[in-house]
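> Structure for the following, please:
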Amino acid sequence: MNLTRREFVTASSIMAALGLAGCSRAATGGGSSSDSSPDSKASSVDLKEFESLALDGDAWKYDKENDCYYQLGLKYCLKPGSTSYESLAIFVPGGYFEGKKKGSSYTCTVKEDAKVGNFTSSTAPVLMPINSLRLSPQSCPTSYVYNGLSRYLSAGCVYVYSGFRGRSSSYESDSSKLVAGGAPWPAVDLKAAVRYIRYNKKSLPIDAERIFTFGYGAGGGLSAVMGSMGDSPLFDKYLDEIGAITHDVDGKDVSDAIFGSASWCPITSYDTIDSSYEWMMGQFSSDDARADGTWTAQFSKDLANAYGDYVNQMDLRDKDGNSLTLDPVEDGTYLAGTYYDKVLSIVEGAATDFFNDTSFPFTYTPSRMSDPCFPGDPNFDASASEEIDAVTGGTDANATTTDQSASGTEDGTQDANSTTGVSKVQSTVYDSASSYISALNGDDRWLSYSSSAQSARVNDLWNYVEHCRKAEKSVCAFDALDRSNTTNQLFGIGDESTLHFDATASDLLDKNQDTYAKLSNWKADYVSDWKNDLAKKDSEDQTVTDRVNAMNPLYTLSGHYDGFGKATVAPHWRVNTGLFQSENSLANELNLASALVNYDGVKDLSFTAVWAKGFELAEKSGNAQDNLITWVEGCCK
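Below is the predicted model of the structure:
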């Protein structure tokens, strides 16, 4: 029997259980230790090498009204490329310190066994936000603003806002010096900041093992790098370059491994970011660059199939040890198999949770993240905390589809001008579950829900993408043909501010150039452009591919890569993603979650895909920041 691709996809959909797992298990576990070196090392290092980075206990400032001690502008490495970015601020709950006023400052000592929230001065965790959606540089605060900090400090957490260099090189404002940026410098800087906190642990009311990072978008991807690449040798040259702390005053190693990583809609795994986008979304589109007769339409199909080959080499497994693979359907595309079923099961499970937990009428308001989402940003203003509460309050979502606005009652618009952390557009009210499902289905009955069985059913990936997650990016969604994407900036080198980075794309261009040349809009220079860029090296003699590896959490989590097992992996993870977004592929998040669940060093993973949420701080309910703190508290029990 001959079937069309859409008919085959629909007919072959198998709803798998929502258990997640991953690649081959590592031989060693995660966790961090700043005291792991032999005692003999003390005799071979300069014990005073980093004494200039010691925290000054006499330099604390105090906000009496909010009971908060703080220090700003603390340089965290000996040779910073940029003091604007390579410094940090520390905010401490007042209850942890015994402070004595000394002029305009306070001399602070840690109160033994002082308690704030659920923590004491010896158990308090450190929370480090990555407040950058697309890895713009994060500046250290230069002035004190308390707005938004209350929820963290009242819970007993110490809040550390670290600056870091962003996705591209830049010039210092007071000189003509070009400061290196791009991959992997954001991770390098944050690692140096983590080491600084551990070096000064005796002066702070913290458990120095309990350091958490959290971020969203590309910043969420950076948080995943921090969690997966503790003490990885990939960063040694870069850390040496900036004079990052390597040992404490006793000569013991200082680790940059963290205790937990949280992310929302993480953008990561840049080696497969383009191919996974085409597999998940691009191959279902025939618009613009994917229109029939264009070389990019064929390129889209080739990238999607290359992703299928990648998945089948990864040894991905579910929590029961069952292999997750992709099988070709009649036309050769990878739209069947256990991996395909797993993606559908995640979507279906999220839809089930939504219908079971949602009371109708339901108001749907598309929204998108923008910087900043978390407190500590130096440009934070008096109204920002309320705006951040709005985006993290669990009431809005983003969709790329127009189908949802086709039915329901308009409920006005909200202007996003001057907002912090979120932009919103027109809301729609759906009176009942049936009206909502009807609007989503359109002419295709791909989504259904049984209230008696309390279960939703999603028939196929094709229709889900068509109605909820259309491809909005062009072919080669992140490594743009003209190098115009912000991700091209991430892999630029010095004055060459944007470079190609996708080796899979490069291989396909070289292999299939004769085929592409027969189609419209092809340029022969594409082949050499990619090859030449991938061969270029940065100031530390690392190729673009080396730098891609350094920004890929799977490089140390999966046996598919050479870095497997060569880093200290965080034991605690939280990954949330919105299913109504076109910014990134769900497949990359699935791969990360699968690898984490099956890695011996990982104690727990909270992976949540959220229906009716988009590229935002997606939560099933509640406030994202409050939920984060609750998760941190659970990790520390």
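> ok, so what distance separates A193 from F354?
Here A193 is placed at a distance of 38 Å from F354 (Cβ to Cβ, to the nearest Å). For every residue, glycine as well, the C-beta is placed using N, CA and C.
> So for the two, which residue has more residues nearby?
A193 (28 against 20; other Cβ atoms under 10 Å).
> What strand or helix carries the spatially most central residue of the chain?
For the chain, the residue nearest the mean C-alpha position is G220 (1.9 Å; Cα atoms, centre = their mean). If you go by DSSP states H and E, G220 is part of helix 218-228.
> Any idea how many residues pack against S82?
S82: 23 neighbours (other Cβ under 10 Å).
> related to what we said a few turns ago, setting the sequence-adjacent residues aside, check what's closest to the residue nearest to the centre of the chain.
Nearest residue to G220, sequence neighbours excluded (Cβ to Cβ, 6 or more residues apart in numbering): S263, at 3.0 Å.
> hang on, that neighbour in a helix?
No: under DSSP: H, G, I helix; E, B strand; the rest coil, S263 sits outside any helix and is assigned strand.
> and it, how many residues sit next to it?
By other Cβ under 10 Å, 29 other residues sit near S263.
> try the one 3 residues further on
Applying the criterion other Cβ under 10 Å, we find 27 residues in the vicinity of P266.
> Check whether D67 really touches V92, as I assumed.
No: using Cβ atoms under 8 Å, D67 is not in contact with V92; the gap is 9.8 Å.
> Settle it for me: which of those two has more neighbours?
Set D67 next to V92 and count neighbours by other Cβ under 10 Å: V92 wins out with 28 against 15.
> Could you verify that that one is part of a strand?
Yes: assessed by three-state DSSP, V92 belongs to a strand.
> Surely it and P205 touch.
Yes: with contact defined as Cβ under 8 Å, V92 reaches P205; the gap is 6.4 Å.
> okay, and the common contacts of the two?
Residues within reach of V92 and of P205 at once, by Cβ atoms under 8 Å, 6 or more residues apart in numbering, are V158.
> as a whole number, average confidence for stretch 619-634?
Over the span of stretch 619-634, the pLDDT mean works out to 98.
> Could you pull out the strands in the stretch 251-400 of the chain for me?
Counting by DSSP state E, counting those that start in this stretch, the stretch 251-400 of the chain has these strands, from start to end: 260-264, 327-328, 334-336, 362-364, 367-369.
> Rebuild those as JSON lines, extending it with distance to T428 and mean pLDDT.
Formatted as JSON lines, these follow (distance: least, Cβ to Cβ, whole Å; pLDDT from 0 to 100):
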{"stretch": "strand 260-264", "distance to T428": "23", "mean pLDDT": "99"}
{"stretch": "strand 327-328", "distance to T428": "38", "mean pLDDT": "98"}
{"stretch": "strand 334-336", "distance to T428": "31", "mean pLDDT": "98"}
{"stretch": "strand 362-364", "distance to T428": "5", "mean pLDDT": "96"}
{"stretch": "strand 367-369", "distance to T428": "13", "mean pLDDT": "79"}
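> Determine which stretch of the ones you listed is the most buried.
Counting by mean count of other Cβ atoms under 10 Å, strand 260-264 has the highest mean neighbour count of the strands of the stretch 251-400 of the chain, with a mean of 29.
> With distance to D240 added, can I get the strands of the stretch 251-400 of the chain in JSON lines?
Supplementary listing: the strands of the stretch 251-400 of the chain in JSON lines, determined by distance: least, Cβ to Cβ, whole Å:
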{"stretch": "strand 260-264", "distance to D240": "24"}
{"stretch": "strand 327-328", "distance to D240": "47"}
{"stretch": "strand 334-336", "distance to D240": "43"}
{"stretch": "strand 362-364", "distance to D240": "51"}
{"stretch": "strand 367-369", "distance to D240": "35"}
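> Figure out which of these is closest to S451.
strand 362-364 (14.6 Å; Cβ to Cβ).
> Sheet partners, orientation included, of the closest one?
Strand 362-364 has its sheet partners listed here by DSSP bridges as strand 428-430 (antiparallel).
> Give me the next element, helix or strand, following the partner strand.
helix 433-441.
> Okay, and the closest residue to K201 other than its chain neighbours sits in which element?
Spatial nearest neighbour of K201, excluding adjacent residues (Cβ to Cβ, 6+ apart): A208 at 3.8 Å. Assessed by DSSP H and E, A208 sits outside every helix and strand.
> Give me the number of neighbouring residues for A208.
By other Cβ under 10 Å, 22 other residues sit near A208.
> quick one: it and Y199 touch, right?
No: counting by Cβ under 8 Å, A208 does not reach Y199; the two are 9.1 Å apart.
> Ramachandran angles for Q71?
phi -130, psi 140 (degrees, to the nearest 10).
> partners of it in the sheet?
I90.
> check contacts around it.
L55, D56, A59, W60, K61, A89, I90.
> ok, and the most crowded of those residues?
That'd be I90 among the contacts of Q71, by other Cβ under 10 Å, with 23 neighbours.
> my guess is that one contacts Y70, does it?
Yes: look at I90 against Y70 with Cβ under 8 Å: they come within range, at 6.4 Å.
> Could you double-check that T543 sits in contact with D533?
No: look at T543 against D533 with Cβ under 8 Å: they stay out of range, at 10.0 Å.
> Tell me the helix or strand right after the strand or helix carrying L509.
Using DSSP H and E, the element containing L509 is helix 503-511. Under the assignment DSSP H and E, the closest C-terminal helix or strand after helix 503-511 is helix 513-517.
> Which elements pack onto the helix or strand that comes right after that following helix?
Downstream of helix 513-517, the first helix or strand assigned by DSSP H and E is helix 525-534. Applying 3 or more Cβ pairs under 8 Å, 6 or more residues apart in numbering; DSSP states H and E, one finds that helix 525-534 contacts helix 503-511, helix 544-550.
> what does stretch 477-493 contact?
Residues outside stretch 477-493 that contact it (Cβ under 8 Å, 6+ apart) are 134-135, 167-169, 182-183, 218, 270, 273-274, 277-278, 282, 296, 471, 474-475, 497-502, 505, 526, 529, 536-539, 544, 547-548, 551.
> and T543 and D533? which has more neighbours close in?
For T543 versus D533, neighbours defined as other Cβ under 10 Å are more numerous around D533 (23 against 15).
> mind checking how far that one is from E496?
8 Å.
> what do you get for T577?
33 Å.
> More neighbours: which of the two?
Legend: neighbour count by other Cβ under 10 Å for T577 and E496, higher for T577 (28 against 12).
> Name the surrounding residues that touch the strand or helix carrying the more buried one.
According to DSSP H and E, T577 maps onto strand 572-578. If you take Cβ under 8 Å, 6+ apart as the criterion, strand 572-578 is touched by 212, 214, 220, 224, 227, 259-266, 397-398, 586, 589, 592-593, 596, 602-610, 613-619, 624, 628, 631, 635.
> hmm, try it at 6 Å
With contact meaning Cβ atoms under 6 Å, 6 or more residues apart in numbering, strand 572-578 is reached by 260-265, 589, 593, 596, 604-610, 613-614, 616, 618, 631, 635.
> Report the distance from it to the chain centre.
Distance of strand 572-578 from the chain centroid (Cα atoms, centre = their mean, to the nearest Å) equals 9 Å.
> Each with direction, which strands does that strand pair with?
As defined by DSSP bridges, the strand partners of strand 572-578 come to strand 260-264 (parallel), strand 604-610 (parallel).
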